[in-house]
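J.: Below: sequence and its predicted model.
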Amino acid sequence: MPLAFRLLKTSSRSAARLGRIFTDHGPVETPVFMPVGTAGSVKAVNPHQLEALGAQMILGNTYHLYLRPGTELLKEAGGLHRFMRWNRPILTDSGGFQVFSLNGIRKLTEEGCVFRSHIDGSSHVFTPENNVDVQRAIGADVVMALDECCPGDADRAYAEKSLRLTQRWLERFAERFEATSPLYGHDQTFFPIVQGCVYPDLREEAAEHAARFAKVGIAVGGLAVGEPAEKMYEVLDLMSRVLPPDRAHYLMGVGTPENLLEAVSRGIDMFDCVMPCRNARNGVVFTWEGRLSYKAAKHARELDRPLDPECGCYTCRNFSRAYLRHLFNAGELLVHQLATIHNLHFYQDLMARTRAHLRDGDFEDWRDGLLARWGAKKG
C-alpha cells in the first residue's frame, strides 16, 4: 500500500494517540522513538542489534551523508538501506539544523544556504531543490523539508523573518519533490516542518501553511534549542489543537524520557534524539528509577547489581555496575556498546509500554506515576 499514516486510537484524557505508519520497509507502530544514525550508523551498535532492541525506524542525516560518503557512492550502493544493511524504515533530516549551527561558516540567502564543510572546509550550497535530490539519492522512506531552525531565544522580528523563508523554501521543496521520483523502487514521502519559535500566532500560522503539504506527516521543529521546557510544552499544547489529526506528528530532536511522556500527552507520535547514545558513551544511563552515573565511585564494588534490576536487556542480564565502571575507567570500547544497548533498550521499552498503556486506557495514570518516581513535575 502507499506510504501512509493511520490513527488508531486517541486517549479520552489527553491528546495522546496510537497510530501506525505504513512503509515499503514495514509498518511503524506509534508513538515511536527513532535512534539517530547520523552518518549511516547508530553509534556502537550494528543493525542486527538494533532490530533485537526493537528499533522500528532510524534517522540519518542529509548533511553528513551528503559530505561523506556522498550521493554518488550512495547511488552506486543502491541507497542507504542497502549500504548499511538496514531493512526497516529510515527517516532523513534535511541537514538544515546542522548547516544552521555552523556559525561563521554559512550564509543564508533566498536561494538557499551556502556553507563550508566541517571536514575539509570546502564550499557547498543547499537549496530546497538540490536538498530533495540529495534525499532522493539517500533513499529514506521519510524525508524532511529544508527549513531554517530558528533559535529558541530569537526575538519576534527574527522569528517571523525566519518563518517566511522556511515557508518559501517549503513551497519550492514540495514542487521539486512532486517533479521527481524515488530511485530504488520503494515509496518516499516528505514531512513539512512547523517553525515559529515560541510565538503562538507564528506557530499557528506555520502549522496551517505546512498542513497544505503534509500527505503523511508533519514535524514540529525549533524546540529544545534554548527555550525553557515550559515554553516547549506550551507550543506543544497549541500544536495538539492545530496540527491535522490524521497525519503523523513528529517532534524533532527531543529528548529526555520525561520530555517524551509529556509530548506523547500532547499528541506527538514520533521522536528522535542523540541523548540515549551520547549519554551512554559519557557514563550516564537511564533506568526505571531515573538517571544513573555508572562511572561513579560508589558503584566500584557493586558486583551483583546490574544497571537496572527492572531491565531485561543484554547488558543488564550479563554485566554488573562494577564491570561497566571498570570498562569506562580503563578506556575500553566495549563500555560504549554495553551502555548504548541499555539506553536504546530503555527508550524502546518506554515507547512499547506507552503504546500498551494507551491501548489499555490508563496511560495518564502510568505516566504520572513514572514522573513522580523520577522526581519530575508534570508539565
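T.: Received the coordinates, thanks.

J.: When you work out contacts or count neighbours from here on, use the C-alpha atoms and nothing else.
T.: Fine.

J.: For the longest helix anywhere in the chain, the averaged confidence score.
T.: Longest helix of the chain, by residue count under DSSP state H: helix 334-360. Per-residue pLDDT over helix 334-360 has a mean of 98.

J.: ditto for stretch 51-67
T.: Mean predicted lDDT for stretch 51-67 stands at 97.

J.: Would you indicate which residues of it are buried?
T.: 53, 55-67 (16 or more other Cα atoms under 10 Å).

J.: Show me the two of these that sit farthest apart.
T.: Maximum pairwise distance among those (Cα to Cα): 29.4 Å, between 53 and 67.

J.: So residue 177 versus residue 114, what's the distance?
T.: 21 Å (Cα to Cα, to the nearest Å).

J.: Counting neighbours, go ahead and name the busier of the two.
T.: Neighbour count, other Cα atoms under 10 Å: between residue 177 and residue 114, residue 177 has more, with 22 against 17.

J.: Point out where this structure drops to low pLDDT.
T.: For the chain, the stretches flagged by pLDDT under 70 are 1, 376-379.

J.: Name the nearest residue to the most far-flung residue of it relative to its centre, sequence neighbours excluded.
T.: Largest separation from the mean C-alpha position in the chain: residue 301, at 36.5 Å (Cα atoms, centre = their mean). The shortest distance from residue 301 to any non-neighbouring residue, by Cα to Cα, 6 or more residues apart in numbering, is to residue 322 (5.5 Å).

J.: Near that neighbour, how many other residues are there?
T.: By other Cα under 10 Å, 23 other residues sit near residue 322.

J.: now the one 3 residues further on
T.: A count of neighbours around residue 325, defined by other Cα under 10 Å, yields 23.

J.: Provide a list of residues in contact with the closest residue to it other than its chain neighbours.
T.: Nearest non-adjacent residue to residue 325, counting by Cα to Cα, 6+ apart: residue 295, 4.7 Å away. When contacts are counted by Cα atoms under 8 Å, 6 or more residues apart in numbering, residue 295 is found next to 283-284, 324-326, 328-329.

J.: Check residue 162 too.
T.: If you count contacts by Cα under 8 Å, 6+ apart, then residue 162 has 148, 150, 196 around it.

J.: mind running it again at 6 Å?
T.: Contacts here follow Cα atoms under 6 Å, 6 or more residues apart in numbering; on that basis residue 162 touches nothing.

J.: Residue 303 now?
T.: 320, 322.

J.: With residue 306 instead?
T.: Residue 306 neighbours (Cα under 6 Å, 6+ apart): 316, 320-321.

J.: From those residues, keep the buried residues only.
T.: 316, 320-321.

J.: so what's residue 37 closest to, chain neighbours aside?
T.: Using Cα to Cα, 6+ apart and skipping the chain neighbours, the partner closest in space to residue 37 is residue 60 (5.0 Å).

J.: picking up where we left off before, how far away from the center of its chain is the helix or strand just after the longest helix of the chain?
T.: Reading on from helix 334-360 to the C-terminus, the next helix or strand found by DSSP states H and E is helix 363-373. On the basis of Cα atoms, centre = their mean, to the nearest Å, helix 363-373 sits 23 Å off its chain's mean C-alpha point.

J.: Okay, buried residues for helix 363-373 please.
T.: 363-364, 367-368, 370-371.

J.: Compute the inter-axis angle for it and helix 334-360.
T.: If you take axes from the mean of the first three to the mean of the last three Cα atoms, to 10 degrees, helix 363-373 sits at 140 degrees to helix 334-360.

J.: could you dump helix 363-373 to PDB, C-alpha only?
T.: C-alpha atoms of helix 363-373 as PDB (Å, rounded to 0.1, in the frame of the first residue of the first chain):
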ATOM      1  CA  PHE A 363      -1.700   5.900  30.000                       C
ATOM      2  CA  GLU A 364      -2.100   9.100  32.100                       C
ATOM      3  CA  ASP A 365      -2.100   7.300  35.400                       C
ATOM      4  CA  TRP A 366       1.000   5.300  34.400                       C
ATOM      5  CA  ARG A 367       2.700   8.400  33.100                       C
ATOM      6  CA  ASP A 368       2.000  10.400  36.300                       C
ATOM      7  CA  GLY A 369       3.400   7.500  38.400                       C
ATOM      8  CA  LEU A 370       6.600   7.400  36.400                       C
ATOM      9  CA  LEU A 371       7.100  11.200  36.500                       C
ATOM     10  CA  ALA A 372       6.600  11.100  40.300                       C
ATOM     11  CA  ARG A 373       9.000   8.200  40.600                       C
END
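
J.: Which residues does it contact?
T.: So helix 363-373 is contacted by residue 357 (Cα under 6 Å, 6+ apart).

J.: can you rerun that using 10 Å?
T.: Here helix 363-373 makes contact (Cα atoms under 10 Å, 6 or more residues apart in numbering) with 11-14, 16, 257-258, 261-262, 264-265, 288-290, 353-358, 374-379.

J.: Just the buried ones out of those residues, please.
T.: 11, 16, 257-258, 261-262, 264-265, 290, 354-355, 357-358, 374.

J.: For residue 164, which three-state class applies?
T.: Following DSSP: H, G, I helix; E, B strand; the rest coil, residue 164 is assigned to helix.

J.: So what does the nearest residue to residue 247 once chain neighbours are set aside look like in phi/psi?
T.: Excluding the flanking residues, the one nearest residue 247 by Cα to Cα, 6+ apart is residue 217, at 4.6 Å. Phi and psi for residue 217, reported as degrees, to the nearest 10, are phi -150, psi 170.

J.: Would you mind measuring from residue 217 to residue 19?
T.: 12 Å.

J.: Pull up the overlap in contacts between those two.
T.: Joint contacts of residue 217 and residue 19 (Cα under 10 Å, 6+ apart) are 5, 246-248, 269.
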